[in-house]
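Participant: have a look; sequence and predicted model below, questions after that.
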Number of protein chains: 2
Amino acid sequence: MTEPQTVVRAGRAALGITGNPTLDSWQAAPDNRWVFRHVEETLPSAAVSRTSVPDRAGTRGLDRFAAIPRLTGRLEDLCTDALLVERGGEVLGEWYAAGFGPERTHLLMSVSKSLCGIVLGALIDEGLVDPAQTADRYVPALAGAAYGDATVQQLLDMVAAADYSEDYVDPRSEVQAHDRAARWREPLPGDPEDTFAFLTRLTRSHPHGERFQYCSAVTDTLGWVVEAVTGNRYADELSNRLWSRLGADHDARVSVDRGGCAIANGGVSCTARDLARVGRLMLGGGSIDGRRVVSERWVRQTLDGGDPALAAASPNRAVLPGLSYRNQWWSAGNERGNVYGVGIHGQYLWLDPLSDTVIVKFSTLPEPVGAEALRAHVELFGELLAVAEPTDQAR
Amino acid sequence: MTEPQTVVRAGRAALGITGNPTLDSWQAAPDNRWVFRHVEETLPSAAVSRTSVPDRAGTRGLDRFAAIPRLTGRLEDLCTDALLVERGGEVLGEWYAAGFGPERTHLLMSVSKSLCGIVLGALIDEGLVDPAQTADRYVPALAGAAYGDATVQQLLDMVAAADYSEDYVDPRSEVQAHDRAARWREPLPGDPEDTFAFLTRLTRSHPHGERFQYCSAVTDTLGWVVEAVTGNRYADELSNRLWSRLGADHDARVSVDRGGCAIANGGVSCTARDLARVGRLMLGGGSIDGRRVVSERWVRQTLDGGDPALAAASPNRAVLPGLSYRNQWWSAGNERGNVYGVGIHGQYLWLDPLSDTVIVKFSTLPEPVGAEALRAHVELFGELLAVAEPTDQAR
């Protein structure tokens, strides 16, 4: 199989760089021409904030939620780093753990997928992507691989089919192999050299479209489609299409592998307040502060959720029996019509269209997933929403 | 020798983390409590700009400099990524290479040292650091090592003495061993595990104060002093003391080793415009837009330069015979009184007090240092300043 060509490789090649920069090559020509401009992709780095340093833990406006039993204790039990409740554009309350704060960024894990969904929505609106076309139409290197003949819409809805176990704690699972290819884990001999190579080796398990199969490789495939149709790196297109239109206070970041592939499925980090703006954008029908990001049609489709029948096998149905998935967002299928992004170890962007409320929660739970943690969050969000809601709408 | 205690280790220990997070540990408890909040210190990452994506090459205002022979050709010959000329708070001209732009950050290499100097100046102003005290007074782990009994002022002026070769291209040099400890190069068996361990093993070569010895380990030692006296990480203190007071458009970044030590000697990256603000601060006597960062006394001392006699052995004297060094800034010792920060491969922050002008240049030259490149830059800056200068002051 031919080595897949990528936007980042093409950008490097224009500078005379053929391989991936390494710790032993980056300071010297020609690699330094690339790395000095993208140094955080090679060297671990810390932010030097242009605003202030926010290491004091604290709360703002949480008095409003004082009637909720043991709120602070439950936040601590759930290893919370940040909680933010916003309604109608106004922050109602915030809670930050010691050592964290409103100016600090946090890894979103799979909430990142929901951001990628918005980027695809914007590209579909513009006619750059046809959701009925297959992925290999845009990324020829995917031809013959699991997702090559899946349509973009099947990928968006996670109904494409691959031999891929999303068992985060099983060393033999594909999600761990995926992590190793992305250098989210130490590679083992024989591992693909980067994410793109990993994606081209995935095999299809059954016909696409038959059932929901939550799979992180899907979103990295969508990120690759974004790069292919725009000619821009995913990080730049996430800025062009979303982050630069949000009125964000801070840059976001997205982790990249050594091939330069952005980890669209889970690598974004940002502040709680900026993530709340993404929720505001969704509840605002695709525009925020007068800036249109994605069409109202696409937002409505997303908030309407997917087909619950396709998700019959999801273990999360134990908590949310009407669960479905659409356009890289989960739909709770409950009477409130909650739609959400969720990431392992407790990241949430929880939308409540009924009361026009957004909840952001950052956490670092010891376990990646689990019905108990999901149930605790769903309950907590329900209690917060009961308070957040204007009393004349109380039910 | 006891393992040196550091601010970052103490912060991690408070979360129950004893070792350095690794690629195989960071997603799980307890390491995730730290890493999800500091993910770019473990995973390479790309910026997702909150403003716009600025990949178009371009110039602004460079017409003013049209009389300079072959300006654009010379910038290209010098592998320039950015050039910015600012006078009296106004940007006179900018030039950006294709793929770079005003919203993009670039590695400063040793211009980072000059930023560290400002942080020390602010701490001295506040009485938190006494420049006449020795480093081991603030960092007991340095006792017995090369710089333990050097005074802070000797460190600031690079007249402390260590067995340390700053030969960037010699694999046996200490600067390469230093890079390996910092994970700026692949480590070799027996290398110290991180920068702090490296610093505690350095040996003194001769009495301090006798002569100028440019040494990157000095600045990392100063960074350690900053952490010790403030109890904050260097990145946060660089924000508190400098970056958050500049009116910077963008966060800066500083690379960190796996022990969490910031590479104060060379790891900062920022935009050209933000770096120009640092120059403006210096020419403004230590304040910018009414915000005081460092005392006028400290700035004056710095702009006055050091003792050229101490730098008699510097190879740069071939280009600048009156060269000296003070407070982590170079002094050209020429009739214009230029003072500057400089980093390998062609990074410059060049101050011209005579015409109140700041020049920033980012480059990725193939060679780290060399008299020819220094001469080319000094000539170029002289020509730019001759144009920038108001005509009534022309000479």
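Facilitator: Everything's here; your move. Residues are numbered from 1 along each chain as shown, chains lettered A, B, ... in the order given.

Participant: from here on, just use CA atoms for contacts and neighbour counts.
Facilitator: Fine.

Participant: got the phi and psi for A:N316?
Facilitator: Main-chain torsions, A:N316, degrees, to the nearest 10: phi -70, psi -10.

Participant: kindly apply the preceding question to A:L120 instead.
Facilitator: According to degrees, to the nearest 10, A:L120 has phi -60, psi -40.

Participant: distance of it relative to chain B?
Facilitator: Using Cα to the nearest Cα, to the nearest Å, one gets 16 Å for the distance from A:L120 to chain B.

Participant: any idea how far that residue lies from A:T221?
Facilitator: In this structure, A:L120 lies at 11 Å from A:T221, with Cα to Cα, to the nearest Å as the measure.

Participant: and for A:R64?
Facilitator: The value you get for A:R64 to A:T221, if Cα to Cα is used, is 43 Å.

Participant: neighbour count winner among the two?
Facilitator: Neighbour count, other Cα atoms under 10 Å in any protein chain shown: between A:R64 and A:T221, A:T221 has more, with 25 against 13.

Participant: tell me the helices and strands packed up against the lowest-mean-pLDDT helix or strand in chain A.
Facilitator: Sorting the helices and strands of chain A by mean pLDDT, DSSP states H and E puts strand A:58-60 at the bottom, at a mean of 78. Under the contact criterion of 3 or more Cα pairs under 8 Å, 6 or more residues apart in numbering or on different chains; DSSP states H and E, strand A:58-60 touches strand A:90-96.

Participant: would you map the helices across the stretch 101-250 of chain A?
Facilitator: With helices called from DSSP state H, counting those that start in this stretch, the stretch 101-250 of chain A shows them at A:111-125, A:135-138, A:152-156, A:174-181, A:195-201, A:216-230, A:234-241.

Participant: the last one and chain B in contact?
Facilitator: This points to helix A:234-241. Yes: applying Cα under 8 Å from any Cα of the partner chain, one finds that helix A:234-241 is in contact with chain B at A:A235, A:D236, A:L238, A:S239, A:N240.

Participant: nearest to A:R253, of those residues?
Facilitator: Distance to A:R253, by Cα to Cα, is smallest for A:A235 among the residues of helix A:234-241 next to chain B, at 7.8 Å.

Participant: if we can go back for a sec, make CSV from the helices of the stretch 101-250 of chain A and add mean pLDDT to it.
Facilitator: Shown next, in CSV, are those (pLDDT from 0 to 100):
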stretch, mean pLDDT
helix A:111-125, 98
helix A:135-138, 98
helix A:152-156, 98
helix A:174-181, 96
helix A:195-201, 96
helix A:216-230, 97
helix A:234-241, 96
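
Participant: so for A:S49, which of the ones you listed sits nearest?
Facilitator: Using Cα to Cα, the helices of the stretch 101-250 of chain A put helix A:234-241 closest to A:S49, at 19.0 Å.

Participant: want to try JSON lines for the helices of the stretch 101-250 of chain A, with distance to A:E296 as columns?
Facilitator: Below are those laid out as JSON lines (distance: least, Cα to Cα, whole Å):
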{"stretch": "helix A:111-125", "distance to A:E296": "10"}
{"stretch": "helix A:135-138", "distance to A:E296": "25"}
{"stretch": "helix A:152-156", "distance to A:E296": "17"}
{"stretch": "helix A:174-181", "distance to A:E296": "34"}
{"stretch": "helix A:195-201", "distance to A:E296": "32"}
{"stretch": "helix A:216-230", "distance to A:E296": "21"}
{"stretch": "helix A:234-241", "distance to A:E296": "15"}
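
Participant: which among the ones you listed is found nearest to B:V169?
Facilitator: Smallest distance to B:V169 across those (Cα to Cα): 31.7 Å, for helix A:174-181.

Participant: relative to helix A:216-230, how tilted is that closest one?
Facilitator: Relative orientation of helix A:174-181 and helix A:216-230, computed by axes from the mean of the first three to the mean of the last three Cα atoms, to 10 degrees: 50 degrees.

Participant: which elements pack onto helix A:174-181?
Facilitator: Where contact means 3+ Cα pairs under 8 Å, 6+ apart, helix A:174-181 is packed against helix A:195-201, helix A:216-230.

Participant: show me which residues of the stretch 201-350 of chain A are close to chain B?
Facilitator: Going by Cα under 8 Å from any Cα, the residues of the stretch 201-350 of chain A near chain B are A:235-236, A:238-240, A:243-257, A:262, A:269.

Participant: using ChimeraX, define a selection of the buried residues within these.
Facilitator: Applying 16 or more other Cα atoms under 10 Å in any protein chain shown to these leaves a buried subset, and the ChimeraX line that selects it is:
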select /A:235,236,238,239,240,243,244,245,246,247,248,249,250,251,252,253,254,255,256,257,262,269
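
Participant: contacts only, for A:Q133.
Facilitator: Counting by Cα atoms under 8 Å, 6 or more residues apart in numbering or on different chains, A:Q133 touches A:T151, A:V152.

Participant: A:A177 contacts A:P189, doesn't it?
Facilitator: No: in this structure A:A177 lies outside contact range of A:P189 using Cα atoms under 8 Å: 11.1 Å.

Participant: what number of residues lie near the nearest residue to A:V159 once chain neighbours are set aside?
Facilitator: Distances taken as Cα to Cα, 6 or more residues apart in numbering or on different chains place A:F212 nearest to A:V159, at 4.4 Å, with adjacent residues excluded. Residues lying near A:F212 (other Cα under 10 Å) number 25.
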